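In: Got a predicted model here, sequence first, then my questions.
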Amino acid sequence: MKFKFLAALGCIAATLYSCDDETTGIGQFIVNEDFIQAKSDSYTVETESFLLDSVYSRSSTAYLGKFTDEDYGTFTSDFLVQINCPESFQLPDRLQSIDNATLGLYYTSYFGDSLATLRVQVDTLTVPIQDNGTDKNLYYTNLDPTRYYNPQNPPLATKDYTAYDRTESDSIHQTSDYYPHVSIELGEAFCNNFKSKYDVTAIENGTTIHPNFKDSEAFINNVLKGFYVHVTNGEGSILYLSDIYLHLTVSYMGRNEADTADSLLSAVIPMTATKEVFMSTRFQNAGLKELMKDRTCTYLKTPAGLCTKVTLPIEEMYEEHRTDTLNSISLSFQKMRDPSTSPYKMGTPANLLMVRADNMKSFFENNEVYNERTSFLSSYNSSTNSYAFSRLNRLIAAIFSEIRPEIEKGEAEWEQWKAEHPNWNKVLLVPVTTETDSQGNIIGVGNDLSVNSAMLVGGQDLNESTDESGKIHMDVIYTQPKQE
């Protein structure tokens with residue numbers, strides 16, 4: 001449905017061009033007069049919730065926990081991680097023993113109940129993950145951990161924890177250098193196996209080396225393929241892990257402080273998960289399919305949950321504007337009030353990416369930045385309680401150019417093309433995070449993996465409503481070539 005307003009806006013034409021220096025038209029358009037009559041249309045768009053069973057996530061943050069929300073159901077997060085071994089890694093000379101090994105999960109923030117008790121389990125991977133950058137599926141959030149570990153094997157370690165560590169005093173929590181973490185002891189067998197792998201030596205270019213620790217590839221294949229870290233009991237919080245360390249406490253022979261005799265010394269050797277090795281978080285959402293039945297609105301839910309699909313009225317617009325210059329097209333989505341009474345309310349997605357439905361997969365896999373042609377970014381405006389998109393004329397004009405040759409082939413061919421390309425007139429609204437440079441320019445866009453949600457005005461009931469005034473409107477300002 002369309003609403004048209006003929007606006008004698010001649011004197012504002014210059015303003016239109018200054019707002020968008022790349023105004024787009026299908027036909028040729030040349031300004032021969034000082035004043036141009038601008039016109040405006042308004043079209044309704046249709047929206048629906050869209051279920052994302054997984055999203056692409058190549059992130060340096062891992063997520064761990066389980067949380068049940070009264071509206072969005074139960075959400076769990078666990079992860080697979082490898083430990084990096086720097087080239088020519090060495091433990092102290094005259095190593096006697098590895099006395100202790102702990103896996104440290106460090107975090108600066110979390111979602112949920114700080115005092116909820118959860119049990120974390122650590123399993124060692126049995127199959128090395130070969131990450132050469134070509135298998136994009138490794139970084140989707142539905143990765144199956146059982147491909148890389150044997151759930152029938154006894155766990156390497158378990159530990160009960162809370163997001164707020166009650167084993168530390170409040171005074172320790174308040175110190176500036178306190179870094180919240182869950183520390184998991186990996187046991188004597190792990191330490192002995194680690195040392196036995198290190199004790200293997202070889203001669204290379206006349207130098208004794210430890211071949212299993214030559215580099216990360218050798219270490220992962222021969223010593224430690226990685227860990228699967230997951231919650232097996234309890235719920236109530238999600239940790240946002242920023243650093244993961246393997247701490248080795250070792251004993252070795254060295255000289256005493258007076259350098260008069262040998263002495264047994266100890267040291268803590270850290271090894272860490274870094275971007276040079278593999279890490280991927282798995283997310284599971286239970287209950288989102290029920291929300292898909294809600295016809296009164298559309299949903300956003302992160303991570304890897306729900307986004308909003310928008311159907312644009314392209315055919316109607318093409319019929320009426322295929323020869324016009326599209327100066328400005330804008331669209332806004334209103335956030336509804338959150339009715340949740342939970343003491344742990346989810347945050348509101350800070351940014352929405354509008355991207356053509358068929359382009360979403362490649363957008364994230366190729367680490368693209370929005371281009372304001374096939375992808376657009378909007379930040380949540382708390383004063384208007386909405387997400388607003390502008391300069392959509394570039395998107396519409398691009399779609400016009402795409403469909404014109406198909407339409408000109410004839411009605412039968414056009415209908416067949418639409419059937420073969422069901423998403424040709426659809427875009428997705430996907431919650432994202434952004435990365436900026438030192439000047440504040442956005443240089444990266446990724447899927448939002450924090451626990452956020454929002455309800456947007458729209459949905460099937462609104463799509464089918466006869467009250468056009470309450471629908472979502474896309475506003476168009478255009479100019480027409482001068483008729484000779």
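Out: Alright, I've got the coordinates.

In: going forward, measure contacts between C-alpha atoms and count neighbours the same way
Out: OK.

In: quick one, phi/psi of Lys195?
Out: Recorded main-chain torsions at Lys195 are phi -70, psi -40, according to degrees, to the nearest 10.

In: Identify the bridge partners of the nearest residue to it once chain neighbours are set aside.
Out: Spatially, and ignoring its direct neighbours in sequence, Lys195 is nearest to Ile98 (6.5 Å; C-alpha to C-alpha, 6 or more residues apart in numbering). Residues in a beta bridge with Ile98, per DSSP bridges, are Val250.

In: just Gly112 next, same as before
Out: Residues in a beta bridge with Gly112, per DSSP bridges, are Ser237.

In: Can you name the next helix or strand after the lengthiest helix in the chain?
Out: For the chain, the helix that runs over the most residues, judged by DSSP state H, is helix 393-407. Next helix or strand after helix 393-407 toward the C-terminus (DSSP states H and E): helix 411-420.

In: which secondary structure elements does that following helix contact?
Out: In this structure, helix 411-420 makes packing contacts with helix 393-407, judged by 3 or more C-alpha pairs under 8 Å, 6 or more residues apart in numbering; DSSP states H and E.

In: Let me see the ranges of the strands in the stretch 351-484 of the chain.
Out: Secondary structure of the stretch 351-484 of the chain (DSSP state E, counting those that start in this stretch): strands at 351-356, 375-379, 386-389, 426-436, 442-447, 452-457, 472-479.

In: elements contacting the fifth one?
Out: In terms of contacts (3+ C-alpha pairs under 8 Å, 6+ apart), strand 442-447 is packed against helix 360-365, strand 426-436.

In: Could the C-alpha coordinates of the longest one be exported in PDB?
Out: What that stands for is strand 426-436. This file holds the C-alpha atoms of strand 426-436, laid out as PDB (Å, rounded to 0.1, in the frame of the first residue of the first chain):
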ATOM      1  CA  LYS A 426      14.000  -8.800   1.300                       C
ATOM      2  CA  VAL A 427      16.500  -7.400   3.800                       C
ATOM      3  CA  LEU A 428      17.400  -8.500   7.300                       C
ATOM      4  CA  LEU A 429      17.800  -6.400  10.400                       C
ATOM      5  CA  VAL A 430      20.700  -8.000  12.300                       C
ATOM      6  CA  PRO A 431      22.100  -6.800  15.700                       C
ATOM      7  CA  VAL A 432      25.800  -6.100  15.300                       C
ATOM      8  CA  THR A 433      28.800  -4.700  17.100                       C
ATOM      9  CA  THR A 434      31.300  -2.300  15.400                       C
ATOM     10  CA  GLU A 435      35.000  -1.800  15.500                       C
ATOM     11  CA  THR A 436      36.500   1.700  15.100                       C
END
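
In: Can you give the contact residues for it?
Out: Defining contact as C-alpha atoms under 8 Å, 6 or more residues apart in numbering, one finds that strand 426-436 is touched by 300-302, 307-312, 349-357, 360, 442-448.

In: Buried residues, that strand. List them.
Out: For strand 426-436, burial by neighbour count (16 or more other C-alpha atoms under 10 Å) applies to Lys426, Val427, Leu428, Leu429, Val430, Pro431, Val432, Thr433, Thr434.

In: Name the nearest of those residues relative to Trp417.
Out: Lys426 (14.8 Å; C-alpha to C-alpha).

In: what about the residue lying farthest from the centre of the chain, distance to Pro92?
Out: Distance from the C-alpha centroid of the chain, by C-alpha atoms, centre = their mean, peaks at Thr260 (57.7 Å). As defined by C-alpha to C-alpha, to the nearest Å, Thr260 lies at a distance of 19 Å from Pro92.

In: Just want the phi and psi numbers for Pro86.
Out: The phi/psi pair for Pro86 (degrees, to the nearest 10) is phi -60, psi 150.

In: Need the phi and psi values for the residue nearest to it when sequence neighbours are not counted.
Out: Excluding its sequence neighbours, the residue lying closest to Pro86 (C-alpha to C-alpha, 6+ apart) is Asp215, at 5.7 Å. With angles defined as degrees, to the nearest 10, Asp215 sits at phi -160, psi -180.

In: Equivalent analysis for Gln174, please.
Out: phi -90, psi -10.

In: ok, how many other residues are close to it?
Out: Counted with other C-alpha atoms under 10 Å, the neighbours of Gln174 add up to 9.

In: ok, now Ser383?
Out: Neighbour tally, Ser383, other C-alpha under 10 Å: 6.

In: what's the spacing between it and Ser328?
Out: From Ser383 to Ser328 the distance is 23 Å (C-alpha to C-alpha).

In: now do Tyr252
Out: Applying C-alpha to C-alpha, the value for Tyr252 to Ser328 is 72 Å.

In: more crowded one of the two?
Out: Ranked by neighbour count (other C-alpha under 10 Å), Tyr252 and Ser328 place Ser328 first, with 23 against 17.

In: Can you give me the distance of the closest residue to the more buried one other than its chain neighbours to Arg391?
Out: Once flanking residues are discounted, Ser328 sits nearest to Ile477: 5.1 Å by C-alpha to C-alpha, 6+ apart. Using C-alpha to C-alpha, we find Ile477 at a distance of 11 Å from Arg391.

In: need the helix or strand of this structure with the lowest average pLDDT.
Out: Lowest mean confidence among the helices and strands of the chain (mean pLDDT, DSSP states H and E): helix 13-19, at a mean of 43.

In: need the contact list for Tyr110.
Out: Contacts of Tyr110 by C-alpha under 8 Å, 6+ apart are Ala163, Ser237, Ile238, Leu239, Tyr240.

In: quick one on the thing from earlier: overlap of the contact sets of Ile477 and Arg391?
Out: Shared contacts of Ile477 and Arg391 (C-alpha under 8 Å, 6+ apart): Ser328, Ile329.

In: And for Ala201, nearest residue in space, chain neighbours not counted?
Out: No Ala there; residue 201 is Thr. In space, and not counting its chain neighbours, Thr201 is closest to His210: 4.6 Å by C-alpha to C-alpha, 6+ apart.

In: ok, that neighbour to Asp262 distance?
Out: According to C-alpha to C-alpha, His210 and Asp262 sit 24 Å apart.

In: Which one's more surrounded, these two?
Out: Each of His210 and Asp262 has its neighbours counted (other C-alpha under 10 Å); His210 has more, 20 against 11.

In: Number of residues surrounding Asp177?
Out: Residue crowding around Asp177 was assessed by other C-alpha under 10 Å; the count is 8.

In: per-residue pLDDT, it?
Out: Note for Asp177: predicted pLDDT of 83.

In: what is the rounded mean pLDDT of stretch 377-397?
Out: 96.

In: Tell me which residues of it come out buried.
Out: Buried residues in stretch 377-397, counted by 16+ other C-alpha under 10 Å: 377-380, 386-397.

In: Check stretch 102-109 too.
Out: Under the neighbour-count criterion of 16+ other C-alpha under 10 Å, stretch 102-109 has Thr102, Leu103, Gly104, Leu105, Tyr106, Tyr107 buried.

In: This protein - how does it break down into domains?
Out: 2-53+288-479, 73-285 (automatic domain parsing).

In: so can I have JSON lines of those domains showing distance to Lys66?
Out: Listed next are the domains of the chain as JSON lines, based on distance: least, C-alpha to C-alpha, whole Å:
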{"stretch": "domain 2-53+288-479", "distance to Lys66": "11"}
{"stretch": "domain 73-285", "distance to Lys66": "4"}
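
In: where among those is the average confidence lowest?
Out: Among the domains of the chain, domain 2-53+288-479 carries the lowest mean pLDDT (a mean of 88).
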